[in-house]
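[1] next come a sequence and a model predicted from it.
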Amino acid sequence: MQVALVGIGKIALDQHVPAITSSPDWVLAATVSRHGGVGGVPAYTDFAALLAERQDIRVISLCLPPVPRFAYAAAALKAGRHVMLEKPPGATLSECHALEGLARAGRLSLYATWHSREAAQVAAAKAWLADKALRHLSVTWKEDVRRWHPGQDWIWEPGGLGVFDPGINALSIVTAILPEPIHLTAATLSFPDNRQTPIAADLRFHHPGGAEVSAVFDWRQEGDQTWTIKAVTDAGTLTLTDGGAQMAVDGVRAAAQDDAPLTGEYPRLYSKMARLVQAGGIDMDLSPMRHVADAFTLGRRVTVAPFHW
Ligand code: NAP
């Protein structure tokens, strides 16, 4: 199948292009970018022109930041194209519901991707937790914003999510592996004095079985980076590290680990998108985003030191 990639920035070049070009399912048929392209691939600067001129391209993959993404996704669906959305699937829950409505009306596939759910050990963690009684679950997602988002000012603007941009990846794993739904009960959000989005967040959740569930996200961590989820149960402790690439139960590592975070995640997303288009399905799980919206609704705001690149 032919796919057009829109928004040729960091994640498009780091992950989407290699995943598409190595896939047996996909051909990168065009790019849409205001600034650049991918060598040897027809490049458009105007999305409307691509939709009008390339009726042969039935699938659009959007790698833009969340705020500008809705207009592109809506235009693609209205033009009868299947759409794959980077995470988070939009800037607001309402616009995601609107996109789903357009996809249903047009009998088109729409995929809200959550790349961290495709990390190597997430399915194994879900299977292990399925028959255990959870006592505690803690998420520690601490990374250096200067290292992973160099110069990306959109993350500090309204709709850019701040530290929830990586934090939502942790929430996408938690919502996938826990057998029962949780909901947010309290949050503290730390906003740099000169920015519109938080640099750190502390979250507490209600768990139907009474387990203590919490998450700490922080973008100020230099040196070692931490993407860990620890679940203490009646039958042992499961630890997911490196964003779900590695897993251990009571300190014993599971087999078949990926080497590093992100390895294999995007090839698995594109494989799922191929199956979704072939089967004519929609996959729009918004639960990670709902928790983020709840944190902005319920969160106590704390002002911290200004952030400069
Ligand atoms: P980025 O490099 O800052 O931006 C991606 C591209 O989007 C830009 O190069 C630009 O493409 C286009 N764009 C930006 N603002 C636009 C606007 N106002 N209107 C139209 N196009 C615009 O961001 P990114 O890191 O790739 O992140 C994009 C999405 O991927 C985010 O939702 C992020 O959460 C997700 N993601 C990022 C990472 C990561 O490691 N960075 C990992 C996983 C997921 P052109 O210059 O080509 O027009």
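    Alright, I've got the coordinates.

[2] residues contacting Gly281?
    By CB atoms under 8 Å, 6 or more residues apart in numbering, the contact set of Gly281 is Ser109. Backbone N, C-alpha and C define where each C-beta goes, glycine included.

[3] now with 10 Å, please.
    Residues counted as contacts of Gly281 (CB atoms under 10 Å, 6 or more residues apart in numbering) are Ala103, Ser109, Leu110, Tyr111, Lys272, Arg275.

[4] residues near the fifth one, how many?
    Translated: Lys272. Residues lying near Lys272 (other CB atoms under 10 Å) number 17.

[5] doesn't it fall inside a helix?
    Yes. Secondary structure of Lys272 (DSSP: H, G, I helix; E, B strand; the rest coil): part of a helix.

[6] I'd guessed it sits against Ala112; true?
    No. Applying CB atoms under 10 Å as the test, Lys272 and Ala112 come out as separate, 11.2 Å apart.

[7] what do the two both touch?
    Counting by CB under 10 Å, 6+ apart, the contacts common to Lys272 and Ala112 are Met84, Asp283.

[8] what kind of secondary structure is the closest residue to the ligand within the stretch 51-200 of the chain in?
    Closest approach between the stretch 51-200 of the chain and the ligand, counting by CB to the nearest ligand atom: Pro68, at 3.5 Å. The three-state assignment at Pro68 reads helix, by three-state DSSP.

[9] how about the contacts made by it?
    Val6, Gly7, Leu62, Ala91, Trp154, Gly159.

[10] can you say which of those are buried?
    Restricting the contacts of Pro68 to buried positions leaves Val6, Gly7, Leu62, Ala91, Trp154, Gly159, with burial counted as 16 or more other CB atoms under 10 Å.

[11] report the two of the residues you listed separated the most.
    Val6 and Gly159 (17.8 Å; CB to CB).

[12] and Asp285, that's in a helix?
    No. Asp285 is assigned coil when assessed by three-state DSSP, not a helix.

[13] any idea how far it is from Glu212?
    According to CB to CB, to the nearest Å, Asp285 stands 25 Å off from Glu212.

[14] okay, helices next: where are they in the stretch 151-300 of the chain?
    For the stretch 151-300 of the chain, the helices defined by DSSP state H, counting those that start in this stretch cover 164-177, 265-279, 287-298.

[15] check which helices and strands the second one is in contact with.
    Using 3 or more CB pairs under 10 Å, 6 or more residues apart in numbering; DSSP states H and E, the elements in contact with helix 265-279 are strand 2-6, helix 17-21, strand 59-62, strand 82-85, strand 110-112, strand 282-283.

[16] kindly recompute the last result at 6 Å.
    helix 17-21 (3 or more CB pairs under 6 Å, 6 or more residues apart in numbering; DSSP states H and E).

[17] the first one now?
    For helix 164-177, the elements it packs on are helix 122-129, strand 134-142, helix 287-298, judged by 3+ CB pairs under 6 Å, 6+ apart.

[18] neighbours of the closest residue to Leu298 other than its chain neighbours, how many?
    Nearest residue to Leu298 in three dimensions, chain neighbours excluded: Ala187, at 5.6 Å (CB to CB, 6 or more residues apart in numbering). Counted by other CB under 10 Å, the residues lying close to Ala187 total 22.

[19] how about the contacts made by Ala187?
    Residues near Ala187 by CB atoms under 6 Å, 6 or more residues apart in numbering: Leu203, Ala295, Leu298, Gly299.

[20] can you narrow the residues you listed down to the ones near the ligand?
    Among the contacts of Ala187, no residue is within reach of the ligand (CB under 6 Å from any ligand atom).

[21] redo these as a markdown table? Include pLDDT and neighbour count.
    Listed next are these as a markdown table, based on pLDDT from 0 to 100; neighbours: other CB atoms under 10 Å:
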| residue | pLDDT | neighbour count |
| --- | --- | --- |
| Leu203 | 98 | 26 |
| Ala295 | 98 | 23 |
| Leu298 | 98 | 14 |
| Gly299 | 98 | 20 |
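
[22] cool, thanks, signing off.
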